[in-house]
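Participant: Make a model of this:
(4 chains)
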2 protein chains.
Amino acid sequence: MDSPLHLYKAEFFKTLGHSVRLAILDALREGPLSVSELQVIIQTEQSILSQHLAKLRAMKFVSSRREKTTIYYHVHDREVYQFLDLAKNIYVRQLQQSQEMLKELMPSDID
Amino acid sequence: MDSPLHLYKAEFFKTLGHSVRLAILDALREGPLSVSELQVIIQTEQSILSQHLAKLRAMKFVSSRREKTTIYYHVHDREVYQFLDLAKNIYVRQLQQSQEMLKELMPSDID
DNA sequence: CTATTATATTAGAACATTCAAATATATAAA
DNA sequence: TTTATATATTTGAATGTTCTAATATAATAG
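Facilitator: Predicted structure coming up:
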């Protein structure tokens, strides 16, 4: 049951399971950005950003190329955006459902 | 940057980031199954299975209904399968790429 | 060479997740 | 009731992840 492939799949999703890493992928939607450009957008410590980039690199979500001292990152396989958008459909529905449950509970009194 | 929605997205992916939970979703592809049926398929401790089912329930990936003493689980939103299949395309390509890199390194000698 | 800029890596503390075992709950049958 | 069966929850130890701070590397300019 816990075949290497199952474990790999789990790693794939774990890699996406962090808000900073999702923010990085979002930021790279329109094209490559350097680490310092990402730093401005994502508003996070240099070393934290680098660590998260390392995880995305390890899982081949992103690749980098150097230009003088600047390193530019880009998304390796643009299909991830289709994938992230499909995910969005699903979790938006999940959230809406929670909302509806809340509304059903709320309207009368708070108890 | 770390808005509640960003954090929710991350939780969504984290929930998928475990081989047992992925195996549960896979097992439920063809329709509902009881916990004991899942236990046979996934070959895991009762309490561990229950704990993972709880996480999938919390994130609304699955719902359950009771029939006498048996509890049947089903996938809440079948679009997750489209989504999981898209994910598969992506990580299979990622794996292939790693394979190619390995082959490029191997053929000559081991050093 | 040395200093500077950009980025990466490492080490350890803080925090979160998972697992295993024990216990709890819910239903039905006897 | 009591017992049996199916599943869920709780607790603490083991393990894994993230963050912070410090240090390392790589390229260039001076």
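Participant: Could you list the low-pLDDT ranges of chain A?
Facilitator: A:1, A:101-111 (pLDDT under 70).
Participant: let's see it at 50
Facilitator: Applying pLDDT under 50 to chain A flags the ranges A:108-111.
Participant: near chain B, which residues of it show up?
Facilitator: Within chain A, the residues that sit near chain B (Cβ under 8 Å from any Cβ of the partner chain) are A:1-2, A:6-14, A:16-19, A:22-23, A:42-44, A:59-60, A:76-77, A:79-80, A:82-83, A:86-91, A:93-95, A:97-98. For every residue, glycine as well, the C-beta is placed using N, CA and C.
Participant: now the helix of greatest length in chain A, how far from the chain's geometric center?
Facilitator: Longest helix of chain A, by residue count under DSSP state H: helix A:79-105. The chain centroid and the centroid of helix A:79-105 are separated by 16 Å under Cα atoms, centre = their mean, to the nearest Å.
Participant: Show me what it is packed against.
Facilitator: The contact analysis (3 or more Cβ pairs under 8 Å, 6 or more residues apart in numbering or on different chains; DSSP states H and E) places helix A:79-105 against helix A:19-27, helix B:4-16, helix B:79-105.
Participant: swap the cut-off to 6 Å and go again
Facilitator: helix B:79-105 (3 or more Cβ pairs under 6 Å, 6 or more residues apart in numbering or on different chains; DSSP states H and E).
Participant: Show the buried residues in the residues of chain A next to chain B.
Facilitator: A:6, A:8-10, A:12-14, A:16-19, A:22-23, A:42, A:44, A:59-60, A:76-77, A:80, A:83, A:86-87, A:90-91, A:94 (16 or more other Cβ atoms under 10 Å in any protein chain shown).
Participant: give the contact list for the most centrally placed residue in chain A.
Facilitator: Chain A has A:L22 as the residue nearest its centroid, 1.8 Å off, counting by Cα atoms, centre = their mean. Listed by Cβ atoms under 6 Å, 6 or more residues apart in numbering or on different chains, the contact set of A:L22 reads B:K9.
Participant: Could you rerun that using 8 Å?
Facilitator: A:L16, A:L84, B:H6, B:K9, B:A10, B:F13 (Cβ atoms under 8 Å, 6 or more residues apart in numbering or on different chains).
Participant: Look up how far B:R93 lies from the residue lying closest to A:V75 once chain neighbours are set aside.
Facilitator: Distances taken as Cβ to Cβ, 6 or more residues apart in numbering or on different chains put A:L28 closest to A:V75, at 4.9 Å, once the chain neighbours are dropped. Going from A:L28 to B:R93 by Cβ to Cβ, to the nearest Å gives 18 Å.
Participant: Go ahead and confirm A:L16 touches B:F13.
Facilitator: Yes: using Cβ atoms under 8 Å, A:L16 is in contact with B:F13, at 3.9 Å.
Participant: out of the buried ones among the residues of chain A next to chain B, which touch DNA strand D?
Facilitator: Applying Cβ under 7 Å from any atom of the strand, the subset of those adjacent to DNA strand D comprises A:K14, A:G17, A:H18.
Participant: Can you add distance to B:Y72 and give those back as JSON lines?
Facilitator: Output for those, formatted as JSON lines (distance: Cβ to Cβ, whole Å):
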{"residue": "A:K14", "distance to B:Y72": "29"}
{"residue": "A:G17", "distance to B:Y72": "28"}
{"residue": "A:H18", "distance to B:Y72": "33"}
